[in-house]
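1. no sequence for this one, just the structure:
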C-alpha cells in the first residue's frame, strides 16, 4: 500500500510538472521581446526594449526606454493594453523620471466611447473624467514608438492601401487630450540589413494634420517593425534584437540565473591561493590615548555632499567651493518645480563650475522626494519649499569659509518664485535674488476661456504639434477653465483620480503665485532673466514684471533674451557625453550685477522674519 501511495504521489508531481511546462511553453511562444537601438544623427542615443504578449482577451505591450542623452528625462516606462478582438486601446500608462517619488505620469483608460485621462507633473495636473472620444479611437504620440506599434495592430495588411483611424494624443504638459484623424499609407518596398541579414522590407507613413510624419519599416514576411523614425524629430530607432522562439526565450530567462549559480559554486569550491600573513602584535591603545574633537576641522574638499534638516526632513545637497579658506560669497541654487530633468542637472553642474572659477561658493540641494532627500514630491507645497530654501541658506552661511555679508539666492523657473519668497522671509542680513526664466503660472482662477485657448496653442506649438480642429480646441479650453476654477475653490489638500493621489493644495498654491507681489515684497534687489519665447508669459506680462521690478528696492534689473539658449545655455552632444554651454551674455550679466550688489554696504547678522509667510 505504501508503494502504491509513493507511485501516486510521483505521478501527480510529474503531471503537475508537465502542466506547468505546457503553460510555460505557451507563455513563451506568445511572448516577443524587441530591442531597438536609438541613434541621434550618427551617434548612439540609448535603447528601447518592448515586450509584447497575449492573454486570453488582451494584447499587452510594455516598454522601457533608456535615454542617457535626453534633455528631459533619462528613463520612461510605458504600458499599453489593447482589446484582443478589435485592437482598441483599453489602458495606457507612461511614467518618466526616477521612480515613484519623482516622476511625470500619464494615465488613460478607455471604456467604449468614454475615456478617463490623467496627466501629473508636480505640482500641476489635469484630469478628464468620462470624456467622449469615440468607440474605436487609437492612441499615438510622437514621443512613443510603442503607441505606433499599437496602432499597426489595427492595420489590415491583406487589404493594403491607405487606412484611416481616429486617434487621441496625450501631450507632455497639463493640457487635455488632443484628437485627430490619422492615416497609414504604403510608402515603398526594398531591402534592409537587419541584425546582419539582408531582409525584404516595406515601409509605411503615418500621417495626420497635427502630428509630425512618422515612417515605420516592417519585414515583409511577418511584419516585424525594424525601424521607426519621425520627420524633423530625433532619435531614429533601429531593430537590434528580437526574441520570440520559446527555446531562445528560455535561454534568455534562465541564462543569467544559471550563470549566477555557476559563479557561486565556483567561488565556494575554489581554494584560495593567497599566502597567509603572519600575525603581529600591536600595542593596546587605551581610551585616554584617543582625542575626539567635537567639531572636526573644515574639509578642504572642493566638491562635497552634505545633509541638513529642513521642516522635519533630512535634505541632501552638494557644495562646490573654490580652493582656499575664503571668505567666499555664497550662492544658493533653488531648482524648478517638479521632477528634475537632465537639462537642469547639467545646468547646475555648469553654473557651479563657472561660479567657483569666479571665487564663489555654490550650493544646490535636492528638494524633498528627489535625490537622496527624504519625503515625497507630492507633499512639497510652496510653504515647505520656502522653508527648505531658508534652511539651505542657513546651512550654507554656517560654513566657516562663507563671507558673512551678502548671499545670493538663485532660482530657475518655479525655483525663482521660491527664491523671491525666501528672501522676503529673511531679515537682518543681505541677500540678492537672481531669477532665471521664472515660471509664475499663466493659468489662474477666473481666467477667461479665450486666454486658456491662447495658452493651449502656445504650448502645443512649443512641442511641435498641431494645429487641431478649432471647435474641439474651444471645447477643451472650456473644460480646462472649469477644472482650474474647481481646484482653486477647493479646500482639500489632496484629490484622488484613477487611484492616484493628486497634490490639489500644492497646485492651488502654484496657481495663486503673484509675481508682481513677490518682486515688490522681496527683501532684496532682484535680477530677472527672461526669454521672449516663454509659453507662460505674454509680452504684456513681461512689461508688467518690468514695471513691478523697477518699483522694488534699489538695484532691480530685467535682462530680456531671445530664447532659452541665450538666456540660460544649451546642451550639445559630443561623442558619448552631453556638454552644457552657458549663455555667455547672460552669465556676464549675472556676475556683473552680483559684484555690484557685493560692493554695497553690508550687514553682518541675520535672523528669520517670523511674520513672513
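-> Cool, the structure landed. Just so we're clear, the structure is a prediction, and the values are computed from it rather than from any experiment.

2. burial count for the closest residue to residue 521 other than its chain neighbours?
-> With CB to CB, 6 or more residues apart in numbering as the measure, residue 424 is the residue that lies nearest to residue 521, at 5.0 Å, once sequence neighbours are left out. For every residue, glycine as well, the C-beta is placed using N, CA and C. Using other CB atoms under 10 Å as the criterion, residue 424 is surrounded by 23 other residues.

3. Check residue 181 too.
-> 13.

4. Pull the contacting residues for it.
-> Contacts were defined as CB atoms under 8 Å, 6 or more residues apart in numbering; by that measure residue 181 touches 164-167, 208-209.

5. hmm, try it at 10 Å
-> Contacts were defined as CB atoms under 10 Å, 6 or more residues apart in numbering; by that measure residue 181 touches 164-167, 207-210, 469.

6. looking at those residues, which has the most residues close by?
-> For the contacts of residue 181, neighbours were counted using other CB under 10 Å, and residue 167 has the most, 25 neighbours in all.

7. where does the stretch 451-600 of the chain have low pLDDT?
-> Confidence mapping of the stretch 451-600 of the chain against pLDDT under 70 gives the ranges 534-538, 551-555, 575-576.

8. which residues in it form helices?
-> 470-489, 504-511, 515-521, 539-550, 564-567, 584-598 (DSSP state H, counting those that start in this stretch).

9. And for the last one, what's in contact with it?
-> Outside helix 584-598, the residues that touch it by CB under 10 Å, 6+ apart are 329, 331, 350-351, 354-355, 358, 360, 403, 405-406, 408, 410, 430-434, 436-437, 524-527, 529, 531, 555-557, 559, 561, 565-569, 582-583.

10. From those, keep the buried residues only.
-> By neighbour count, with 16 or more other CB atoms under 10 Å, the contacts of helix 584-598 hold 329, 331, 350-351, 354-355, 358, 360, 403, 405-406, 408, 410, 430-434, 436-437, 524-527, 529, 531, 556-557, 559, 561, 566-569, 582-583 as buried.

11. remind me which residues of the stretch 51-200 of the chain are low pLDDT?
-> Applying pLDDT under 70 to the predicted model, the residue ranges of the stretch 51-200 of the chain that meet it are 98-102.

12. Can you show me the strands along it?
-> When secondary structure is read from DSSP state E, counting those that start in this stretch, the stretch 51-200 of the chain shows strands at 58-66, 75-83, 89-97, 103-111, 114-121, 124-132, 137-139, 163-169, 178-194, 197-208.

13. Any buried residues in the third one, and which?
-> By that I understand strand 89-97. Taking 16+ other CB under 10 Å as the basis for neighbour counts, the residues of strand 89-97 that come out buried are 89-97.

14. Can I get these in CSV including distance to residue 107?
-> What follows is those, written out as CSV (distance: CB to CB, whole Å):
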residue, distance to residue 107
89, 12
90, 12
91, 8
92, 7
93, 5
94, 8
95, 9
96, 13
97, 14
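
15. Among those, which pair sits farthest apart?
-> Greatest spatial distance among the buried residues of strand 89-97 (CB to CB): 90 and 97, at 24.6 Å.

16. Just give me the neighbour total for the residue lying closest to residue 502 once chain neighbours are set aside.
-> Leaving out its chain neighbours, the residue that sits closest to residue 502 by CB to CB, 6+ apart is residue 495, at 4.4 Å. Around residue 495 sit 17 other residues, with neighbours defined as other CB under 10 Å.

17. And for residue 573?
-> Every residue meeting other CB under 10 Å relative to residue 573 is counted, giving 14.

18. what sits against it?
-> Contacts were defined as CB under 10 Å, 6+ apart; by that measure residue 573 touches 40-41, 43, 45, 69, 71, 579.

19. do that again at 8 Å, thanks
-> Residues touching residue 573, when contacts are defined by CB under 8 Å, 6+ apart, comprise 40, 43, 69, 579.

20. now do residue 317
-> Taking CB under 8 Å, 6+ apart as the definition of contact, the neighbours of residue 317 are 305-308, 363-366, 392, 395.

21. ok, now with 6 Å
-> Residues touching residue 317, when contacts are defined by CB atoms under 6 Å, 6 or more residues apart in numbering, comprise 306, 365.

22. and it, that's in a helix?
-> No. Assignment of residue 317 by DSSP: H, G, I helix; E, B strand; the rest coil gives strand, placing it outside any helix.

23. List the beta-bridge partners for it.
-> residue 306, residue 365 (DSSP bridges).

24. could you measure it against residue 339, distance?
-> In this view, residue 317 and residue 339 are 17 Å apart by CB to CB, to the nearest Å.

25. just residue 319 next, same as before
-> For residue 319, the distance to residue 339 equals 23 Å [CB to CB].

26. Can you list the residue ranges for strands in the stretch 351-500 of the chain?
-> Under DSSP E, counting those that start in this stretch, the stretch 351-500 of the chain gives strands at 360-365, 407-412, 426-429, 431-436, 495-497, 500-502.

27. Check the stretch 201-350 of the chain too.
-> Taking DSSP E, counting those that start in this stretch, the strands of the stretch 201-350 of the chain run over residues 214-219, 225-230, 233-243, 303-310, 313-320, 329-334.

28. Deepest-packed of those, please.
-> When these are scored by mean count of other CB atoms under 10 Å, the highest mean neighbour count falls to strand 329-334 (a mean of 26).

29. Can you report how many residues lie near the nearest residue to residue 71 once chain neighbours are set aside?
-> Here the nearest residue to residue 71 in space, its sequence neighbours aside, is residue 343; by CB to CB, 6+ apart that works out to 4.5 Å. By the other CB under 10 Å criterion, the neighbourhood of residue 343 contains 21 residues.

30. quick one: the closest residue to residue 380 other than its chain neighbours and residue 422, what's the gap?
-> Once its chain neighbours are removed from consideration, residue 380 has its nearest residue in residue 368; the separation is 4.9 Å (CB to CB, 6+ apart). When CB to CB is applied, the distance between residue 368 and residue 422 equals 15 Å.

31. out of the two, which sits in the more crowded spot?
-> For residue 368 against residue 422, the residue with the higher neighbour count under other CB under 10 Å is residue 422, and the figures read 29 against 25.

32. ok, the residue lying closest to the more buried one once chain neighbours are set aside - contacts?
-> Nearest non-adjacent residue to residue 422, counting by CB to CB, 6+ apart: residue 389, 4.1 Å away. By CB under 6 Å, 6+ apart, the contact set of residue 389 is 334, 418, 422.

33. now do residue 329
-> Contacts here follow CB under 6 Å, 6+ apart; on that basis residue 329 touches 360, 403.

34. let's see 8 Å
-> When contacts are counted by CB under 8 Å, 6+ apart, residue 329 is found next to 359-361, 402-403, 405-408, 594, 598.

35. what does residue 495 give?
-> Contacts for residue 495 (CB under 8 Å, 6+ apart) come out as 487, 501-502, 504.

36. JSON lines please, covering the residues you listed and showing distance to residue 377.
-> Putting the contacts of residue 495 into JSON lines (distance: CB to CB, whole Å) gives the following:
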{"residue": "487", "distance to residue 377": "18"}
{"residue": "501", "distance to residue 377": "11"}
{"residue": "502", "distance to residue 377": "12"}
{"residue": "504", "distance to residue 377": "14"}
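
37. Quick check: the two most widely separated of those?
-> When those are compared pair by pair using CB to CB, the two farthest from each other are 487 and 501, 14.4 Å apart.
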